[in-house]
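# sequence isn't available, so here's the structure alone:
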C-alpha cells in the first residue's frame, strides 16, 4: 500500500472512531509502528489530525468545536433529528458525549421540560442553554481523549440513578460483536450507563455499522433502539431489525 493510501486509511479510521491507537493501525495495515508514527507525525504537521501519546484523535474532537471540522456533520444532524422523537416532556434522561450528542443537545426545543444527566462537560454546556432542562453533570476523572468523565466516582453515581432513557454514541457496532469500543475506561462507563436505564438508544452514523473494536460494551439484545442516518428499510440495517428497533 502506498503512503498516500495508508494515510487516507488512517484519516478515515480517526474520523470514524474519533481515536486510534498506533498499535492497532500497525496490525490493520501490516506495517511497523515506526511507520505509523511517521505517518501520524506527518498528518499532524499538516493539520489533519491531533497526535497524542500512543495514537491520534480526530480534529472534530478538538474544543472549541469548529463547524468545518465535524466529520459527517449532515449525517449527525439527521440522527439528532430522528432521536428527538424519543424524547418527551418530564422524562429523566442520561446521555453520553461526542459530536452527534452535541448536535442533539443543540436541537432540543426550548420548551422541553425534563432532567438530563450527562457524563460530558461539553454536552452539559450545550444543555445549559435550554431554559426548561435541569442539567446534572456526573463527576469523575475527565478523559482527555473522549472528553467524558470516567472512573469509579462516575460509576458510583450512575449506580444511584434510574432514568427513563439512556442515549449513547457508538464507536463500533456489529451483529456478531454488538456494541464495542477501544478504551477500557469508556467501556466501563458505558456498561454502567446501560444498567442505569429503563430503555437504551444507540446513535450511530452508518459508516460505523458492521465494525468492531477489541472491547465489548454489550450484545445487541441489551439495546432497545438504533438511530442512524439511513432509512430504517435500508438493506444495511436488515439484520439489525431482528435484535432492536430501528429509527
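Yep, it's here. Nothing here was measured: the structure is a model prediction, and the numbers come from that model.
# when you work out contacts or count neighbours from here on, use the C-alpha atoms and nothing else.
Fine.
# got the buried residues for stretch 148-165?
148, 149, 150, 151, 154, 155, 158, 162, 163, 165 (16 or more other C-alpha atoms under 10 Å).
# same check on stretch 173-191?
By 16+ other C-alpha under 10 Å, the buried positions in stretch 173-191 come out as 173-175, 177-183, 186-190.
# one more: stretch 42-57?
Within stretch 42-57, the residues that count as buried by 16+ other C-alpha under 10 Å are 43, 44, 49, 50, 51, 52, 55, 56, 57.
# let me see the backbone angles for the most centrally placed residue in the chain.
With the centre of the chain defined as its mean C-alpha position, the nearest residue by C-alpha atoms, centre = their mean is residue 169, 3.3 Å away. When read as degrees, to the nearest 10, the backbone of residue 169 gives phi -80, psi 160.
# ditto for residue 226
phi -120, psi 120.
# quick one: contacts for residue 240?
175, 246 (C-alpha atoms under 8 Å, 6 or more residues apart in numbering).
# what distance do you get for it to residue 10?
To residue 10, residue 240 is 28 Å away according to C-alpha to C-alpha, to the nearest Å.
# other SSEs contacting the top helix by length along the chain?
Determined from DSSP state H, the single longest helix within the chain is helix 3-17. Under the contact definition 3 or more C-alpha pairs under 8 Å, 6 or more residues apart in numbering; DSSP states H and E, helix 3-17 sits against strand 19-21.
# buried ones in the strand it packs on, by neighbour count?
In strand 19-21, counting by 16+ other C-alpha under 10 Å, buried: 19, 20, 21.
# from the residues you listed, which single one is nearest residue 231?
residue 19 (27.4 Å; C-alpha to C-alpha).
# that closest one bridge partners, please.
With DSSP bridges as the criterion, residue 19 is bridged to residue 57.
# spit out the contact partners of it.
Contacts of residue 19 by C-alpha under 8 Å, 6+ apart are 13, 55, 56, 57, 58, 145.
# tell me the one of those nearest residue 104?
Checking the contacts of residue 19 against residue 104 by C-alpha to C-alpha gives residue 58 as the nearest, at 19.6 Å.
# so what pLDDT did that closest one get?
We have a pLDDT of 82 for residue 58.
# ok, now which ones touch it?
Counted by C-alpha under 8 Å, 6+ apart, residue 58 has contacts 14, 15, 18, 19, 49, 50.
# give me the distance between residue 32 and residue 6.
Per C-alpha to C-alpha, residue 32 is found 12 Å from residue 6.
# equivalent analysis for residue 23, please.
On the measure of C-alpha to C-alpha, residue 23 and residue 6 end up 15 Å apart.
# now residue 81
Distance, residue 81 to residue 6, by C-alpha to C-alpha: 35 Å.
# go on, residue 198?
As judged by C-alpha to C-alpha, residue 198 and residue 6 stand 43 Å apart.
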